[in-house]
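> turn this into a structure:
(4 chains)
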Protein chains: 2
Amino acid sequence: MTAHVSHAPAGAPDLTAPRWLDAEEQRAWRAWLFSAQLLMDRLDRELTHATGISHAYYEILVALSEAPERMMRMSELADRCLSSRSRLSHAVSRLEERGWVRRQVCPEDGRGQLAVLTEEGFAALDGAAPVHVESVRTHLFDQLTPDQVENMRDLGETLLGHLDPATVRTLP
Amino acid sequence: MTAHVSHAPAGAPDLTAPRWLDAEEQRAWRAWLFSAQLLMDRLDRELTHATGISHAYYEILVALSEAPERMMRMSELADRCLSSRSRLSHAVSRLEERGWVRRQVCPEDGRGQLAVLTEEGFAALDGAAPVHVESVRTHLFDQLTPDQVENMRDLGETLLGHLDPATVRTLP
DNA sequence: GTAGCGTAGTTGAGAGCTTGACTATTCCGC
DNA sequence: GCGGAATAGTCAAGCTCTCAACTACGCTAC
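Residues are numbered from 1 along each chain as shown, chains lettered A, B, ... in the order given. Just a heads-up that it's a prediction; the model follows:
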């Protein structure tokens, strides 16, 4: 960013002036942003390339595999995957075409749909998981000391507590 | 992820077995992933909603505004924005339609194109920057202690050093 | 029961991204 | 110089996401 300078007189701080980042904050922010973008991109590419499953689809399969009876309400699944309803609906349709998920009307609520992981879907996940965990190891945990891992967890949970207090409670 | 257990005998560790994450690692990884996704999504939405400029476009404008003469080679700009050549080419075309960027053949290399930030583009960035910095403050720095900010920088730079050693040197 | 409202999920159109092919130009070895 | 390899950038086709309707069902009050 080009330099932005507040022109408020020293004695009267301008409370509406943008709270620009200082050099340290700028550096921290960019390091975080770039590393996060690169890491997600790398993990997604390696997974997609090796297994044909994008990280977004992988997350859906994981969520279903962990759910009781390997089935979940569409909305609940969308929340769990940080996805919009619409996006999830499209994604599940595509997973259905691959035979990995099927839809089923919800017995308790006629409006609802259940997404159910099929045996084929579970097998696909089972094949992809070792690939993905190896990527996460290589590009994340292998690079960090135990203290850094602890800091990562602390940072993540702090931000999560602000951005979405409901999700922080669903952590393992 | 459902439980995955290595069946190798204790005396002969299986070096090809997936290095699954333990509970602590799982927790750290998910906290990081969810918070990163939510934060990026939030910042992008707030910026797009308030200014009509997506975060991806914002990054292009920022990179150009910081470049000498507010111009940059297409490839260099793509690298700086962690974007593919193709994606950047499309994005610059759309920014050109808005009158914020224009293309210019590179004098030194007839194959190359220079993306140049226009006055209108600079004005658009100038209007968007306060909105964006306020989002970053609200959802990131206001939530963290100075120690956490320091940890964030450390983590980001560590990961960046592994994922893209070239980029870490371009930090402010 | 039925009108009205809220919720669950889907759909279609349009925007943006990815992949891979393609053009134009430069670089390099002879 | 000149032919072949490498590089810069663009483009078309297909896929995914977003936004804004839209359908279908459930809940509540009368």
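
> would you map the helices across chain A?
Secondary structure of chain A (DSSP state H): helices located at A:23-51, A:55-66, A:74-80, A:85-97, A:119-139, A:146-163, A:165-168.

> which of the ones you listed is buried the deepest?
Sort the helices of chain A by mean neighbour count, taking mean count of other Cβ atoms under 10 Å in any protein chain shown, and helix A:55-66 sits at the top with a mean of 21. (Each C-beta comes from the backbone N, C-alpha and C, glycine too.)

> what residue in chain A comes nearest to DNA strand D?
Residue of chain A nearest DNA strand D, by Cβ to the nearest atom of the strand: residue A:110 (2.6 Å).

> residue A:115 against residue A:72, yeah?
Yes - using Cβ atoms under 8 Å, residue A:115 is in contact with residue A:72, at 5.7 Å.

> more neighbours: those two, which one.
Between residue A:115 and residue A:72, residue A:115 has the larger neighbour count (other Cβ atoms under 10 Å in any protein chain shown), namely 27 against 24.

> ok, the closest residue to residue A:63 other than its chain neighbours - contacts?
Closest residue in space to residue A:63, ignoring its immediate chain neighbours: residue A:80 at 4.7 Å, by Cβ to Cβ, 6 or more residues apart in numbering or on different chains. When contacts are counted by Cβ atoms under 8 Å, 6 or more residues apart in numbering or on different chains, residue A:80 touches A:63, A:72, A:170.

> just put the residues you listed in a markdown table and tack on pLDDT.
Formatted as a markdown table, the contacts of residue A:80 follow (pLDDT from 0 to 100):
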| residue | pLDDT |
| --- | --- |
| A:63 | 98 |
| A:72 | 97 |
| A:170 | 79 |
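
> hang on, residue A:152 packs against residue B:30?
No - between residue A:152 and residue B:30 there is no contact under Cβ under 8 Å: 10.8 Å.

> residue B:136: which of the helices of chain A is closest?
The minimum distance between residue B:136 and the helices of chain A falls on helix A:23-51, with 6.3 Å, by Cβ to Cβ.

> what is the closest one packed up against?
Under the contact criterion of 3 or more Cβ pairs under 8 Å, 6 or more residues apart in numbering or on different chains; DSSP states H and E, helix A:23-51 touches helix A:55-66, helix A:119-139, helix B:23-51, helix B:146-163, helix B:165-168.

> near chain B, anything from the second one?
Yes - for helix A:119-139, a contact with chain B is found by Cβ under 8 Å from any Cβ of the partner chain, at A:129, A:130, A:133, A:134, A:136, A:137, A:139.

> quick check: phi and psi on the closest residue to the second one other than its chain neighbours?
For residue A:130, the nearest residue in space outside its immediate sequence neighbours is residue B:18; the separation is 3.9 Å by Cβ to Cβ, 6+ apart. In terms of degrees, to the nearest 10, the main-chain angles of residue B:18 are phi -60, psi 140.

> surely residue B:18 touches residue A:132?
No - judged on Cβ under 8 Å, residue B:18 makes no contact with residue A:132 at a distance of 9.2 Å.

> circling back: list residues touching both of residue A:115 and residue A:72?
Here residue A:115 and residue A:72 share the contacting residues residue A:64, scored by Cβ under 8 Å, 6+ apart.

> still on that earlier bit, ok, of the residues of helix A:119-139 next to chain B, which one's closest to DNA strand C?
The closest of the residues of helix A:119-139 next to chain B to DNA strand C turns out to be residue A:139 (Cβ to the nearest atom of the strand; 17.1 Å).

> starting at the chain centroid, how far to stretch A:122-130?
Relative to its parent chain, stretch A:122-130 has a centroid offset of 19 Å by Cα atoms, centre = their mean, to the nearest Å.

> repeat for stretch A:96-108
For stretch A:96-108, the distance to the chain centre is 23 Å (Cα atoms, centre = their mean).

> tabulate the CA atom coordinates of it in PDB.
The C-alpha trace of stretch A:96-108 is given here as PDB (Å, rounded to 0.1, in the frame of the first residue of the first chain):
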ATOM      1  CA  GLU A  96     -24.000 -37.900  -6.500                       C
ATOM      2  CA  GLU A  97     -23.000 -38.200 -10.100                       C
ATOM      3  CA  ARG A  98     -19.800 -39.900  -9.000                       C
ATOM      4  CA  GLY A  99     -21.900 -42.200  -6.900                       C
ATOM      5  CA  TRP A 100     -20.200 -41.100  -3.700                       C
ATOM      6  CA  VAL A 101     -23.100 -39.500  -2.000                       C
ATOM      7  CA  ARG A 102     -26.900 -39.900  -2.300                       C
ATOM      8  CA  ARG A 103     -29.800 -37.800  -1.200                       C
ATOM      9  CA  GLN A 104     -32.600 -39.100   1.000                       C
ATOM     10  CA  VAL A 105     -35.600 -37.200   2.300                       C
ATOM     11  CA  CYS A 106     -35.500 -36.600   6.000                       C
ATOM     12  CA  PRO A 107     -38.000 -38.600   7.900                       C
ATOM     13  CA  GLU A 108     -38.400 -36.000  10.700                       C
END
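
> briefly note if it comes near DNA strand C.
Yes - Stretch A:96-108 lies within reach of DNA strand C by Cβ under 7 Å from any atom of the strand, at A:103, A:106.
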